[in-house]
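Colleague: Quick one, fold the following:
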Amino acid sequence: MVVIAPSGDIAMQQRDLIVVSTVLMLLIIIPVIFLTLFFAWRYRRSNTAATYDPEWHHSTRLEIVIWAAPLAIIIALGAVTWISTHKLDPYRPLDRLDAERAIPADTKPLTVEVVALDWKWLFFYPELGIATVNELAAPVDMPINFKITASSVMNSFYIPALAGQIYAMPGMETKLHAVINREGEYEGFSANYSGAGFSHMRFKFHGLNQQGFDAWVAQVKQQGTMLNRDAYLKLEKPSEKEPVRYYAGADADLYNAILNMCATPGKMCMNEMMHIDMMGGGGKESAENREKLQYDTRHAGEGEAAPAATVPATGSMQHDMPGMPSTPGMDMQHEGHSMPGMSNGADPAPAQLNNNN
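Modeller: Numbering: from 1, shown residues only. Purely as a prediction, here's the structure:
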């Protein structure tokens with residue numbers, strides 16, 4: 001029932017879409033059901049007053065009704081779907097708080113970085129410097145920008161009262177823009193089966209006024225511990241029915257390390273790997289240049305320039321891909337793992353996948 005009576009503007013618009021679609025389809029379903037029952041009663045064997053015409057086979061008027069009505073419904077559904085697909089794109093920033101209020105010009109959205117673990121949820125608040133496990137909070141009437149990824153297998157981030165479900169996938173980042181309009185405690189969970197602990201992969205989402213949200217942040221900072229790499233690697237291990245945890249601080253680059261699948265110390269990040277591939281490959285010849293390439297990737301845009309490194313024109317780890325010609329200097333795989341994607345610019349970034357639910 002929460003889908004029919006949500007508390008966030010995006011979920012409300014999705015609810016309206018469900019209602020409109022259902023009503024449009026009922027315009028066909030109800031008459032068909034009624035006429036089926038009426039014909040069965042009207043032309044029953046015992047009704048000798050009914051017209052009996054075994055030679056009847058065609059009626060132009062009836063054909064027009066049979067084809068025109070469904071065609072009109074399909075056109076209407078197509079128009080509604082086209083509009084809502086773009087309007088409710090989860091990657092599209094919000095343009096209103098609700099149906100009656102636009103977003104004030106000076107409003108700064110709240111950024112939340114979401115990580116689906118086995119089998120719990122980790123939330124980073126990068127602007128506040130805190131993190132939580134299995135508990136999420138946000139102020140009422142404040143736009144929320146979710147950045148979503150996973151540590152191992154695919155899950156689906158879903159708060160029915162807030163917005164539709166968005167997939168969380170390892171090595172990829174999906175996005176969701178939403179807003180909660182009413183104070184309350186709401187349920188969130190994974191809507192995609194992901195193993196033994198899936199049934200208990202749930203969390204609480206608190207919609208709070210600004211004063212209540214500030215108090216919640218203060219509580220997290222007061223009661224929380226530090227989330228560093230070692231603490232994360234322990235948290236990442238599969239566990240069920242994980243209790244709520246607070247972290248008063250978290251490593252600044254931990255979310256990006258999780259996204260690039262290099263939270264384990266000494267493991268090369270995907271964006272660094274793709275940078276090496278873009279520069280010509282990651283063979284034995286370029287091992288001496290790896291440190292320089294990692295430096296370039298991490299400090300791109302800061303105005304610092306490292307000494308030029310010589311990178312071979314053809315990587316020794318070249319792998320042919322089915323259906324694609326072998327291209328010198330382009331390595332799309334490393335240690336048997338396929339790359340989700342490469343950017344066209346100088347700074348490679350993890351691929352982003354748009355899931356419109």
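
Colleague: can you pull the contacts of Leu94?
Modeller: With contacts taken as CB atoms under 8 Å, 6 or more residues apart in numbering, Leu94 has the following neighbours: 9-10, 103, 109, 143, 177-179. C-betas here are computed from N, CA, C, even on glycine.

Colleague: Ramachandran coordinates for Pro90?
Modeller: Comment: the main-chain dihedrals of Pro90 come out as phi -60, psi -20, following degrees, to the nearest 10.

Colleague: rewinding a little: select from the contacts of Leu94 the one having the most neighbours.
Modeller: The residue in the contacts of Leu94 with the most neighbours, by other CB atoms under 10 Å, is Val179 (26 neighbours).

Colleague: For Phe205, see how far away that one is.
Modeller: With the distance defined as CB to CB, to the nearest Å, Val179 ends up 12 Å from Phe205.

Colleague: what's the average pLDDT for stretch 125-132?
Modeller: Model confidence over stretch 125-132, given as mean pLDDT, is 96.

Colleague: For that stretch, C-alpha coordinates in CSV please.
Modeller: Listed in CSV are the C-alpha atoms of stretch 125-132, where the atom choice follows Å, rounded to 0.1, in the frame of the first residue of the first chain:
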residue,chain,number,x,y,z
TYR,A,125,27.6,11.4,3.7
PRO,A,126,30.7,12.9,2.0
GLU,A,127,29.7,16.6,2.8
LEU,A,128,29.2,15.7,6.5
GLY,A,129,32.1,13.3,6.8
ILE,A,130,30.0,10.6,8.4
ALA,A,131,28.8,7.1,7.4
THR,A,132,26.2,4.6,8.6
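
Colleague: which regions of the chain lie under the pLDDT threshold?
Modeller: Per-residue confidence for the chain (pLDDT under 70) gives these ranges: 282-357.

Colleague: so who does Asn209 touch?
Modeller: Applying CB under 8 Å, 6+ apart, we find Asn209 in contact with 139-140, 183.

Colleague: same question but for Leu77, I mixed them up
Modeller: Contacts of Leu77 were listed using CB under 8 Å, 6+ apart, and they are 21, 24-25.

Colleague: where's Glu272, which helix or strand?
Modeller: Assessed by DSSP states H and E, Glu272 sits inside helix 270-278.

Colleague: and what of Gly249?
Modeller: According to DSSP H and E, Gly249 maps onto strand 245-250.

Colleague: ok, back up a step: return a ChimeraX selection command for the buried portion of the contacts of Leu77.
Modeller: In ChimeraX, this line selects whichever of the contacts of Leu77 come out buried by 16 or more other CB atoms under 10 Å:
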select :24
